[in-house]
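Engineer: Structure, please.
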Amino acid sequence: MTDAPRASRRDHARTHHGDTVNDPYHWLSDKENPDVLDYLNRENVFAESETTRLASLRTTLFEEIKAHTKETDLSVPVREGDWWYYSRTFAGKQYASHMRAPASDWTPPNTQNGDVEGEQIVLDDNSESAGHEFYRLGSFDITRDGNRMLYATDTVGDERYTLRIRDLTTGRDGSDHVPGTFSGAVFSPDGEWVFYTTVDDAWRPDTVWRHRVGTSADNDKRVYHEPDDRFWAGVGVTRSGRYIVIVLGSNVTSEWLLIDAETPSGEPRVVWHREEGVEYDVEHAVIGGHSTLLVLHNRHAENFELVAIDADALGDPTPAVTVLAHSDDVRLESVEAFRDRLAIEYRAGGLARIGTIELDDASTLTNMTIAPVEFDEPLYTVGFGGNPEWEQPTLRLSYTSFVTPGTVYSLEPATGTLTLLKQQPVLGDFDPAQYVQSRDWATARDGSRMPISLVRRRDAASGPGPVLLYGYGSYEASMDPGFSIARLSLLNRGVTFAIAHVRGGGELGRRWYEQGKLLHKKNSFTDFVDGATHLIDSGLTTPDQLVAEGGSAGGLLMGAALNLAPELFAGVHAAVPFVDALTTILNPELPLTVIEWDEWGDPLHNADVYAYMKSYSPYENVRDDVAYPRILATTSLNDTRVFYAEPAKWVARLRDVGAPVILRTEMHAGHGGVSGRYAGWRERAWEMAWILDVLGRADSNPSA
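Structural biologist: Just a heads-up that it's a prediction; the model follows:
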């Protein structure tokens with residue numbers, strides 16, 4: 001066996017608000033230091049040594065994922081202009097190919113037999129990725145006439161993309177070559193211009209540029225620069241094609257600017273001037289024959305309301321007509337406008353919901369009601385997707401649950417009729433009836449009721465058994481139930497999978513989020529601990545059969561829960577974990593730090609925030625008076641969102657107190673991990689083998 005690496009301790013003092021802290025592993029933050037790379041490589045060797053006995057299981061799990069996956073497959077075509085666009089995967093290839101076929105009506109071509117008449121390859125990610133250990137597509141857009149395509153790729157993992165434009169009539173790239181862009185570039189509706197963003201030194205997309213197709217990037221014009229370090233900038237085009245939009249947003253405030261698409265070189269106009277704490281989204285609609293801007297906002301409306309304003313009277317929050325009023329029980333999340341209808345995404349009862357509002361020439365802005373789309377399962381996730389056309393007669397929606405693979409429906413809004421277009425194929429002996437999903441409720445220590453979503457095999461043994469408990473709890477992100485082929489390997493070995501919907505997420509509306517951020521952040525951590533305690537007290541599991549898992553901000557949740565109640569868990573997997581939160585948020589020169597102050601607080605300038613974050617940051621609070629369970633930390637060297645040094649420092653400090661911890665670093669990847677589906681399957685198989693080993697199920701065989 002390889003000895004556990006020990007990082008050398010090198011004194012590094014920092015002082016804030018009269019408090020001096022020695023950070024002996026600060027030196028691990030220097031990515032260019034050969035000692036750092038040597039340490040990370042030694043940790044990788046140790047991780048492999050500690051898990052060598054699991055090599056066969058990892059191979060088995062990878063093969064199970066592969067055996068359940070239809071490797072050569074097609075997505076459901078989406079119509080845009082005169083073409084149906086879709087993607088195709090091929091057995092043995094890491095990436096998808098982007099395809100298209102001519103469209104003559106609104107009936108998508110039948111892709112079930114794999115042959116589509118008139119099919120063309122638009123972009124082959126396998127060819128583009130050749131010679132690179134990492135590849136990711138960050139921007140992808142095609143002009144309305146189908147003649148030009150823009151695409152931007154990252155071959156390092158640092159989320160800086162090189163943008164190119166290809167002539168689809170010849171298949172050749174033009175002279176356009178724009179390095180250092182962020183993701184999300186778009187064509188103007190006339191296809192003559194490209195709007196894209198670039199990032200500052202803190203990796204914040206702060207500047208919007210306009211590029212004339214066929215010209216040098218040296219001639220690109222700056223359209224807008226955002227000076228406030230808390231705000232991101234993004235670009236898009238309304239579905240109607242009427243406006244090019246610039247979206248500016250912090251975690252708590254937003255502002256939208258519109259450019260008339262008929263004059264792409266024109267100056268942007270502000271819809272509502274930013275107001276601290278007010279978030280809003282904008283859709284262009286035609287209601288009762290009048291061009292209208294629909295604004296979904298939280299100004300004096302915690303769960304948001306939808307109002308309409310005159311497109312020619314911009315810059316002031318009034319006058320506005322209420323279309324959908326605020327509700328304490330319904331969180332309005334998005335509105336999408338089409339020629340004949342509005343599509344609404346909202347949350348009620350802890351679940352994602354969707355509905356429509358039909359429009360005609362007689363429609364008025366008042367007294368509008370949502371026609372909800374109903375589903376039979378007790379737990380599910382649903383949303384609109386793949387609806388780029390202003391005049392499309394039906395709506396595409398995506399649906400999934402713990403037991404239902406990803407499903408694409410076509411919705412006939414007038415009748416509510418759903419037509420199945422495709423369901424994610426799951427090969428082998430998969431039978432959804434073999435699994436059961438349910439929702440439980442745990443009582444937090446302050447009396448709040450927290451939902452927990454669970455799935456297990458129906459024939460799982462009664463009594464306490466192995467459980468994998470997942471959590472996130474930040475940014476109002478809802479961790480809704482969804483299907484996973486990889487997860488089947490856990491369920492089929494008797495593991496119950498559970499999600500603790502802790503505060504800081506958005507599952508129960510805006511207030512649930514507000515109660516788990518800033519100076520209420522500890523609610524997220526105690527909720528997770530209380531959820532784990534509930535599962536144990538209810539007889540579902542025991543501490544030696546419970547593993548916790550979370551990534552990024554969910555990795556912070558893992559680290560904090562470990563420090564609060566290490567005795568509750570047999571093991572914890574923290575993926576790209578935000579575990580050195582105080583150090584990071586104190587440094588405004590680090591990527592994305594200032595943006596994060598709205599979520600976590602500003603410890604640099606506020607002593608109360610400093611003290612609060614110091615009291616929970618996992619790295620700051622590693623304990624020497626407890627026995628930690630087994631810990632797996634995974635990270636990526638080129639991660640620009642959660643710096644690799646956070647888990648590296650955390651692991652070093654955990655090892656100081658004798659914790660059984662291993663660190664695995666992907667040396668050629670970013671925040672999302674390795675690129676390529678087969679590489680991703682192997683990565684997940686590695687993690688699941690560790691989880692099963694901790695749960696005592698490494699030698700178990702999957703149920704038939």
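Engineer: how far away is Leu592 from Ala645?
Structural biologist: When distance is defined by CB to CB, to the nearest Å, Leu592 is 15 Å away from Ala645. No exception for glycine: its C-beta is placed from N, CA and C like everyone else's.
Engineer: and those two? which has more neighbours close in?
Structural biologist: Taking Leu592 and Ala645 together and counting by other CB atoms under 10 Å, Ala645 has the greater number of neighbours (23 against 18).
Engineer: so who does that one touch?
Structural biologist: Contacts for Ala645 (CB atoms under 8 Å, 6 or more residues apart in numbering) come out as Leu28, Ser29, Lys31, Asp580.
Engineer: Then Ser254?
Structural biologist: Applying CB under 8 Å, 6+ apart, the residues contacting Ser254 are Val247, Leu248, Arg274, Val278, Glu279, Tyr280, Asp281.
Engineer: can you check Ala685 too?
Structural biologist: Arg58, Thr59, Leu61, Phe62, Ile65, Ala486.
Engineer: Provide the secondary structure category for it.
Structural biologist: helix (DSSP: H, G, I helix; E, B strand; the rest coil).
Engineer: swap in Val45?
Structural biologist: Per three-state DSSP, Val45 ends up helix.
Engineer: For it, give me its contacts.
Structural biologist: Per CB under 8 Å, 6+ apart, neighbours of Val45: Thr2.
Engineer: so what's Pro466 closest to, chain neighbours aside?
Structural biologist: Once flanking residues are discounted, Pro466 sits nearest to Leu695: 4.0 Å by CB to CB, 6 or more residues apart in numbering.
Engineer: Domains in the protein, by residue range?
Structural biologist: What automatic domain parsing lists as the domains of the chain is 13-66+430-694, 276-425.
Engineer: which parts of the strand or helix carrying Thr197 are buried?
Structural biologist: Thr197 is part of strand 193-199 when elements are defined by DSSP states H and E. Residues Trp193, Val194, Phe195, Tyr196, Thr197, Thr198, Val199 are the ones in strand 193-199 that count as buried (16 or more other CB atoms under 10 Å).
Engineer: Please verify my assumption that Pro102 contacts Tyr85.
Structural biologist: No - counting by CB atoms under 8 Å, Pro102 does not reach Tyr85; the two are 11.3 Å apart.
Engineer: Between those two, point out the one with more neighbours.
Structural biologist: With neighbours defined as other CB under 10 Å, Pro102 and Tyr85 compare such that Tyr85 has more, 21 against 14.
Engineer: what helix or strand does the nearest residue to the more buried one once chain neighbours are set aside sit in?
Structural biologist: Leaving out its chain neighbours, the residue that sits closest to Tyr85 by CB to CB, 6+ apart is Arg100, at 4.9 Å. Secondary structure from DSSP H and E places Arg100 in strand 97-102.
Engineer: show me what contacts the closest residue in space to Leu488 that isn't next to it in sequence?
Structural biologist: Spatially, and ignoring its direct neighbours in sequence, Leu488 is nearest to His68 (6.2 Å; CB to CB, 6+ apart). When contacts are counted by CB under 8 Å, 6+ apart, His68 touches Val426, Leu427, Gly428, Phe430, Ile485, Leu488.
Engineer: Could you single out the nearest of the residues you listed to Trp256?
Structural biologist: Relative to Trp256, the closest of the contacts of His68 is Ile485; by CB to CB it sits at 38.6 Å.
Engineer: what stretches of the stretch 551-700 of the chain score poorly on pLDDT?
Structural biologist: Counting by pLDDT under 70, the low-confidence segments of the stretch 551-700 of the chain come to 639-641, 669-675.
Engineer: Show me where the stretch 201-350 of the chain has its strands.
Structural biologist: Remark: strands assigned in the stretch 201-350 of the chain by DSSP state E, counting those that start in this stretch are 205-212, 221-225, 232-237, 243-249, 254-260, 269-270, 280-287, 290-297, 305-310, 321-324, 330-337, 341-348.
Engineer: would you list every one of the helices in the stretch 51-200 of the chain?
Structural biologist: Listed in chain order, the helices of the stretch 51-200 of the chain (DSSP state H, counting those that start in this stretch) span 55-68, 125-128.
Engineer: Give me the distance between the residue lying closest to Asp480 once chain neighbours are set aside and Ile499.
Structural biologist: Of all residues not flanking Asp480 in the chain, Thr381 sits nearest, at 3.9 Å (CB to CB, 6+ apart). According to CB to CB, Thr381 stands 11 Å off from Ile499.
Engineer: out of the two, which sits in the busier spot?
Structural biologist: Ile499 (26 against 19).
Engineer: tell me which element that one is part of?
Structural biologist: strand 496-500.
Engineer: Okay, now the sheet partners of that strand, with direction.
Structural biologist: strand 449-457 (antiparallel), strand 467-471 (parallel) (DSSP bridges).
Engineer: Rounded mean pLDDT for stretch 398-408, please.
Structural biologist: Stretch 398-408 carries an average pLDDT of 97.
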